[in-house]
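[1] starting from these lines, generate the structure:
(4 chains, ligands or ions: 4)
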Amino acid sequence: MAKTSFVTMEETLAAIEDYKREIMQPLTAPEGLSGDQILKMYRRMALIREFDTSVKGLWKQNYIYGLAHSYVCAEAIGVGACAALRDSDFITSTHRGHGHTIAKGGDVKKMMAELMGKYDGYCLGKGGSMHIAAVDEGMLGATGIVGSGMPIAVGAALSSKVLGKDNVVVCFHGDGGTNQGVWHESINLAATWDLPVIFLCENNQWAISLPYKKASKNPRVSDRAIGYGIPGVTVDGFNVFAVYNAVAKAVERARSGNGPTLIEAKYYRYIGHFVADDERYRDMATNAPWTAFDPVERMCRFLVENGGFSEEQVQAVYESAKQEVLDAIEYAKTAPEPPLSSLYDGIYSPEFMEILKSRGEYVL
Amino acid sequence: MAKTSFVTMEETLAAIEDYKREIMQPLTAPEGLSGDQILKMYRRMALIREFDTSVKGLWKQNYIYGLAHSYVCAEAIGVGACAALRDSDFITSTHRGHGHTIAKGGDVKKMMAELMGKYDGYCLGKGGSMHIAAVDEGMLGATGIVGSGMPIAVGAALSSKVLGKDNVVVCFHGDGGTNQGVWHESINLAATWDLPVIFLCENNQWAISLPYKKASKNPRVSDRAIGYGIPGVTVDGFNVFAVYNAVAKAVERARSGNGPTLIEAKYYRYIGHFVADDERYRDMATNAPWTAFDPVERMCRFLVENGGFSEEQVQAVYESAKQEVLDAIEYAKTAPEPPLSSLYDGIYSPEFMEILKSRGEYVL
Amino acid sequence: MTRTMTIKQALNEALKEEFRRDETVIIMGCDVGVRGNPFGITLGLYDEFGPERVRDTPISEAAIVGACLGAAATGSRPIGEILFSDWITIGMDQLVNQIAKIRYMFGGKINVPLVIRAPVGAGGGQAAQHSQSFEAWFSHVPGLQVVMPITPYDVKGLLKTAIRSNDPVLFFEHKRGYEIRGEVPEEDYTIPFGEAVVRREGADVTIVAISIMVHKALAAAESLNQMGIKCEVIDPRTIYPFDYDTVLQSLDKTHRLIVTHESNRRSGIGAEIVSQVVERGFDLLDDHPVIVAGLDVPMPYNRQLEAMVIPSEEKIKNAVLKLMD
Amino acid sequence: MTRTMTIKQALNEALKEEFRRDETVIIMGCDVGVRGNPFGITLGLYDEFGPERVRDTPISEAAIVGACLGAAATGSRPIGEILFSDWITIGMDQLVNQIAKIRYMFGGKINVPLVIRAPVGAGGGQAAQHSQSFEAWFSHVPGLQVVMPITPYDVKGLLKTAIRSNDPVLFFEHKRGYEIRGEVPEEDYTIPFGEAVVRREGADVTIVAISIMVHKALAAAESLNQMGIKCEVIDPRTIYPFDYDTVLQSLDKTHRLIVTHESNRRSGIGAEIVSQVVERGFDLLDDHPVIVAGLDVPMPYNRQLEAMVIPSEEKIKNAVLKLMD
Ligand SMILES: Cc1ncc(C[n+]2csc(CCOP(=O)(O)OP(=O)(O)O)c2C)c(N)n1
Ligand SMILES: Cc1ncc(C[n+]2csc(CCOP(=O)(O)OP(=O)(O)O)c2C)c(N)n1
Ligand SMILES: [Mg+2]
Ligand SMILES: [Mg+2]
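    Numbers count the residues shown, from 1 in each chain, chains lettered A, B, ... in the order given. Ligands and ions are numbered 1, 2, ... in the order given. Model (predicted):
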């Protein structure tokens, strides 16, 4: 534990009371979601949980290079949001891209291969965890620079409008990201132009070592929507249906031409910031009380207690997700490395690379 | 007139009604301002008016090089704000720096010399209009990049706090500037750290050819304060006392350690954006109705009708300001050009320039 | 059929033709719509193509640049305008860390057909924040293309190539060059990137001149011609890709190189060109290459000081004379 | 008395000593306070100097850089930290258009005693947005100083000079160099900017190596020594000002130049160094200078591809062998 910590145990318990009183919403299935759809949501949550739990171990064993940020404890947000989208809709991501990729329907094999730097990976081994992208599934990519995905989402929404499509875009970002300049510019631009984009803040109350209360005087991110003249709402970020409902409403609004919504999904990062985080900046004991709201367990309980599913059914879904991740790991381990000759591929478009090569540039 | 214009005459008249109903405040002298102080405020407004009216002509005659932006019709804001400051307080400026310089007690001679590129100018002829600065008077300089003065103001306020001084800083910026990323970052940072800075938005409803309603969905800039957890207020920007009152209150708050305030002074730019503006982007006829609120005339009327001054007294003050500007023009015209040997002065500190020169660099 | 027109008109024509040809082309930036851009480059676009495709933006350069990327990645061909290239710094992260890298980072799966147009260049007392040219910076960033044409024919053909390209292009127009006149054919044409033009032939010295410096170099060459010195003046037109073959061919004849650009000397594009030339053609050189560039000073406002900083015809002439000595 | 310590420790010590010496020194950046910076550079500062002077910031790089300027202009000596130098792009306008120019624009009236610290460099699979070094960009901007030391002794002495300087300094630490050990005296000392160090003497080839490349160049030199080739390895330590005298003196002996840096080759600092050297000492050179630098590729994630891009000891060796051929 850090000698100095911004958050004491007392403050933690008080924050939990606040969460329970002001944010927490009961987990109730929304009208119009079939049992199958709900199980599919649970399965995606399970996939994320299993995937990102494996990543840490694989990183420690040196199968995964570089850095990796886990989506564990945020599963409800990505999955709730993407369940309200069509396949043809887009999302933009953050440094926590694994969860977004799975939530949007990405393939864990291709993702794990990418994390292991393999040629079968989503980015041919060139991106890794921080730049995971599943463009064909509408996941426009993770970024290692906080806030930098914001205007990209706005641009994708602009295309939708200008090209006369009816795609919407969900722009995921962290609470830390809300204090970047582009956050502001992007929301203002999208609001002014009534673009079909939903700004979804994953407020886990920390930006690495800085609690949100030390990063902004007003702890309620959604209040900022007022300044931009758009709706703003705070929802229970541990609750997949609460997120689904808020996003579904915002999607409807966006798709019908009425512009963006700012949604704050409040949860808590009760795990380390990234695979190598020693959390020396906080009292690790303060994490434990928050685990009571574990979104995956909560969903599991709901399914059995209120969802009309048997424990076995639910367990089987989880197990199949687990197996899928295990298969992905095996697959990725044996997948081929990128050929060295691929080094220059993709710096520019294929047709331009041709020209450059014919001039003697970028020839290995 | 532009074939297409964002603001019709009808909209203009409606906007004026809105202004009258929601924004306009009666011009009443605040408690605690002596007659002398009030006359001094008027004199500064007159100085600005005369100075910036002259600039256009001098520019056309090629006495002034580069670009220049007039503070005409904004006089009440700079003067009202700076009247609430101490000499030791700081201000940061925009591209409309002439008014801010005069309002903070700057010398029109040195400023006019600067505009004419002379060595006696505030910046030794190196800055010109767009970079006018009167550092000794606490005017930390104009900038040609919209929004870029914001974090500088925050830094000056930070110094005040860290060094245990009790200076406050007024950060002037335009409505156009509110949509820059640094605007957001700066206000958030200052709010979080309770820094002694007042963000004063000069909302003239235009950013060159773009009306504010096309730049932001919520036309009320002060609403954004909510998101940052600080007070936000909109005042009559044609009214020197309304601005004074709002700033005085914010200064008190800031000086006693309670952090920033966002003040929106709403007025209207019924003149061209800069010396060479043909205003082809709007119907120039829509300017006229706004001139009814001319802040200098309004102040003049107040002084005579309610201020207890005779018409002669008020006229004499105006005339003396006018004369001061005429003198400044004469002075500047005959002031010496910078010696060519001064070219490299000030790229780095004198001591570092010495070192560089001894190495054979920056030797003319 | 060719007509004579200004660079400004050629740019405007290129934009209109591309907007007509391809409905996915859009433009955004401060004052590009109703005002038609301060220099008049986009005049008439708003009226012809409407507010969906011609977008006046708030002053949010980072978001503009980033939104261009998002739009490009999803099927549009956006053109972003930054009114003075000095302010590209505000959108620098989007440009350098997203736009230039996104195709590569994501395994080649994203197309980035976008153009950022920005006037560069000094003169006219615009001082330190409105006078810079950063082509060297952007040529340092793999993934970007950098274009700096300076005749009406070239701006039109290269802007069309830029708009049709599937890679991000920085298109730098010299703000003191908008009134330069020249011939432009009526037919549609494009100009490939990476092909320099020999603007004047000569056997004594090779002058590689960037953007507005082409015209100053030609003037210097003309005056040197009267003294019997024959300069070859090369306009590379694009900074990346860069046509070193044409430069080396010229050096094979002249054996002397001058590179001239308006941006600062230190770590400027001249340094890159010299370093490439010495690597590729050291033995062609009789003497060391000379760079005639902007002095390493923030641009001063005063007219006389400004004139000292901006490289002139005179300075090129003197450099040639010294080299021929 | 000297002790052995790591670069990380030397930086930490320099900071603590300057904080004790001068109450106007402050630091701000993401995670510099309670966490003591991800690499541990600022460990202990928060506890010793408190939250007024050691400031954890929101993620607002532009405001951080700009606030440093405002603070510097009004009597503080701020140190701003950008966790990866790649993200300086976010504060680029404040850095290039305000910080670098404000003294000059305002006629010399504003002091700018500030330091921006930022780790540079590649390796470890951090991919395209966490691996870049932009020293060439900043040396292109008059008004800035650029420092890139790579021994514990140098980082400590140069950081102190930077903090005490009245001009803005970009202080680039190589993130793969934090554990490099070396001797550091106990007494207070500073190192002037612009003085290179000859790290190894040799008469055959001069290798100018930037930052981490110094260590790779030394390793290459050692191995070449066994083949009878004597390399002189020069560590310039500061990029601007740059010590060309030491390089030219060396070339007077060796007549062969290799410049090596990790940042991209194209328009990199190597190009600037080569262009200056050929201008100042063309006749000293027997052959063309060679630049061994990062390939012009966004940094790939995959370990093998990454290793192809980052310049290695091997590549330096090969370049020397080819030059000696
Ligand atoms: C521009 C930028 N500044 C700093 C960092 C270092 N960094 C990586 S993640 C992170 C915290 C992000 O916080 P938040 O947006 O709340 O996302 P979270 O990690 O909490 O999900 C920081 C500071 C970065 N990647 N980019
Ligand atoms: C970053 C940047 N973008 C664009 C411009 C061009 N420009 C100069 S002034 C201006 C309008 C500024 O509007 P506002 O902030 O409302 O100030 P006003 O001129 O209305 O007083 C613009 C767009 C600029 N100088 N800087
Ligand atoms: Mg967070
Ligand atoms: Mg305005």
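
[2] so what's residue 33 up against?
    Going with chain A. A:L33 makes contact with A:41, A:83, A:244, according to Cβ atoms under 8 Å, 6 or more residues apart in numbering or on different chains. In short, each C-beta sits where N, CA and C put it, glycine included.

[3] the chain in question should be chain C.
    Going by Cβ under 8 Å, 6+ apart, C:G33 touches B:209, C:42, C:45-46, C:51, C:54-56.

[4] again with A:G176
    A:146, A:206-208, A:210, A:212, A:215, D:58-59.

[5] closest one of those to B:W183?
    D:P58 (14.3 Å; Cβ to Cβ).

[6] burial check on residue 163, number of neighbours?
    Let's take chain A. 16 (other Cβ atoms under 10 Å in any protein chain shown).

[7] let me rephrase: I mean chain C.
    Residues near C:I163, counting by other Cβ under 10 Å: 25.

[8] tell me which element it falls in.
    helix C:152-164 (DSSP states H and E).

[9] any idea how far A:G164 lies from A:G257?
    11 Å (Cβ to Cβ, to the nearest Å).

[10] in the longest helix anywhere in chain A, what's buried?
    For chain A, the helix with the greatest residue count under DSSP state H is helix A:35-60. Across helix A:35-60, burial judged by 16 or more other Cβ atoms under 10 Å in any protein chain shown covers A:38-52, A:54-56, A:58-59.

[11] over to stretch A:262-279?
    A:262-275, A:277, A:279.

[12] quickly check: it near chain B or not.
    No - Stretch A:262-279 lies out of reach of chain B by Cβ under 8 Å from any Cβ of the partner chain, never closer than 9.9 Å.

[13] quick check: mean pLDDT of that stretch?
    On average, the pLDDT along stretch A:262-279 is 97.

[14] quick check: end-to-end length of it?
    This stretch, stretch A:262-279, spans 30 Å end to end (Cα to Cα, to the nearest Å).

[15] distance between it and the chain's centre?
    Chain-centre distance of stretch A:262-279: 11 Å, with Cα atoms, centre = their mean, to the nearest Å.

[16] wait, does that stretch contact ligand 3?
    No - against ligand 3, stretch A:262-279 shows no contacts by Cβ under 5 Å from the ion, the least distance being 6.2 Å.

[17] A:N287 contacts A:H273, doesn't it?
    No - using Cβ atoms under 8 Å, A:N287 is not in contact with A:H273, being 11.8 Å away.

[18] please enumerate the shared neighbours of those two.
    Taking Cβ under 8 Å, 6+ apart as the contact rule, A:N287 and A:H273 both touch A:E279.

[19] any idea how far stretch A:101-112 is from the chain center?
    With Cα atoms, centre = their mean, you get 12 Å for stretch A:101-112.

[20] can you list the weak-confidence ranges in the chain?
    Using chain A. For chain A, the stretches with pLDDT under 70 are A:1-4.

[21] separation between the most centrally placed residue in it and D:P149?
    Nearest to the geometric centre of chain A sits A:H100, at 3.8 Å (Cα atoms, centre = their mean). Separation of A:H100 from D:P149 (Cβ to Cβ): 40 Å.

[22] check the offset of the longest strand seen in chain C from the chain's centre.
    If you go by DSSP state E, chain C has its longest strand at strand C:257-264. Taking Cα atoms, centre = their mean, one finds strand C:257-264 lying 13 Å from the centre of the chain it belongs to.

[23] picking that back up, quick check: closest non-adjacent residue to the residue nearest to the centre of chain A.
    In space, A:H100 comes closest to A:S93 once its chain neighbours are excluded; the distance is 4.3 Å by Cβ to Cβ, 6 or more residues apart in numbering or on different chains.

[24] same deal with A:Y19?
    Excluding its sequence neighbours, the residue lying closest to A:Y19 (Cβ to Cβ, 6+ apart) is A:K266, at 7.0 Å.

[25] distance check, the one you found against B:V168.
    From A:K266 over to B:V168 (counting by Cβ to Cβ), the distance is 35 Å.

[26] show me where the chain has strands.
    As the question left the chain open, I've gone with chain A. Ranges of strands within chain A are A:90-92, A:169-174, A:197-203, A:206-207, A:210-211, A:232-236, A:261-266, based on DSSP E.

[27] chain C is the one I meant
    Secondary structure of chain C (DSSP E): strands at C:2-6, C:25-29, C:54-56, C:77-81, C:115-120, C:145-147, C:169-174, C:181-185, C:197-200, C:205-209, C:231-235, C:238-240, C:257-264, C:290-294.

[28] could you report the pLDDT at C:M1?
    80.

[29] residues contacting it?
    C:M1 makes contact with C:185-187 under the criterion Cβ under 8 Å, 6+ apart.

[30] so which of the residues you listed wins on neighbours?
    That'd be C:P185 among those, by other Cβ under 10 Å, with 12 neighbours.

[31] gap between the residue nearest to it when sequence neighbours are not counted and ligand 1?
    Leaving aside its sequence neighbours, C:P185 sits nearest to C:T2 (Cβ to Cβ, 6+ apart; 4.7 Å). With distances taken as Cβ to the nearest ligand atom, to the nearest Å, C:T2 is found 50 Å from ligand 1.

[32] re earlier: and the contacts of A:G176, which is closest to C:L114?
    Nearest to C:L114 among the contacts of A:G176, with distances taken as Cβ to Cβ, is A:V146, at 23.1 Å.

[33] distance of the closest one from ligand 1?
    4 Å.

[34] report how many residues lie close to that residue.
    26.

[35] residues contacting it?
    A:94-95, A:174, A:176-177, A:180, A:207, D:59.

[36] can you name the two of those that are farthest apart?
    Across those, the longest distance by Cβ to Cβ is 12.9 Å; it joins A:H95 and A:Q180.

[37] if we can go back for a sec, what's the offset of the helix holding C:I163 from the middle of its chain?
    The answer for helix C:152-164 is 11 Å, by Cα atoms, centre = their mean.

[38] counting contacts, what elements does that helix pack onto?
    Applying 3 or more Cβ pairs under 8 Å, 6 or more residues apart in numbering or on different chains; DSSP states H and E, one finds that helix C:152-164 makes contact with helix C:7-21, strand C:77-81, strand C:115-120, strand C:145-147, strand C:169-174, strand C:181-185.

[39] and the angle from that helix to strand C:115-120?
    Per axes from the mean of the first three to the mean of the last three Cα atoms, to 10 degrees, the angle that helix C:152-164 makes with strand C:115-120 is 140 degrees.

[40] now what about helix C:152-164, what contacts it?
    C:5-7, C:9-11, C:13-15, C:17-18, C:22, C:25, C:77, C:79, C:113, C:115, C:117, C:145, C:147, C:149, C:169, C:171, C:173, C:180-185, C:188-193, C:197, C:235, C:237-238.

[41] returning to that earlier point: return only those of the contacts of A:V146 found close to ligand 1.
    Restricting the contacts of A:V146 to those within reach of ligand 1 (Cβ under 6 Å from any ligand atom) leaves A:95, A:174, A:176-177, A:207, D:59.

[42] what number of residues lie near A:R86?
    Quick note: A:R86 (other Cβ under 10 Å) scores 12 neighbours.

[43] what number of residues lie near the nearest residue to it once chain neighbours are set aside?
    Sequence neighbours aside, A:N167 is the residue nearest to A:R86 in space, at 7.7 Å (criterion: Cβ to Cβ, 6+ apart). Neighbourhood size, A:N167 [other Cβ under 10 Å]: 22.
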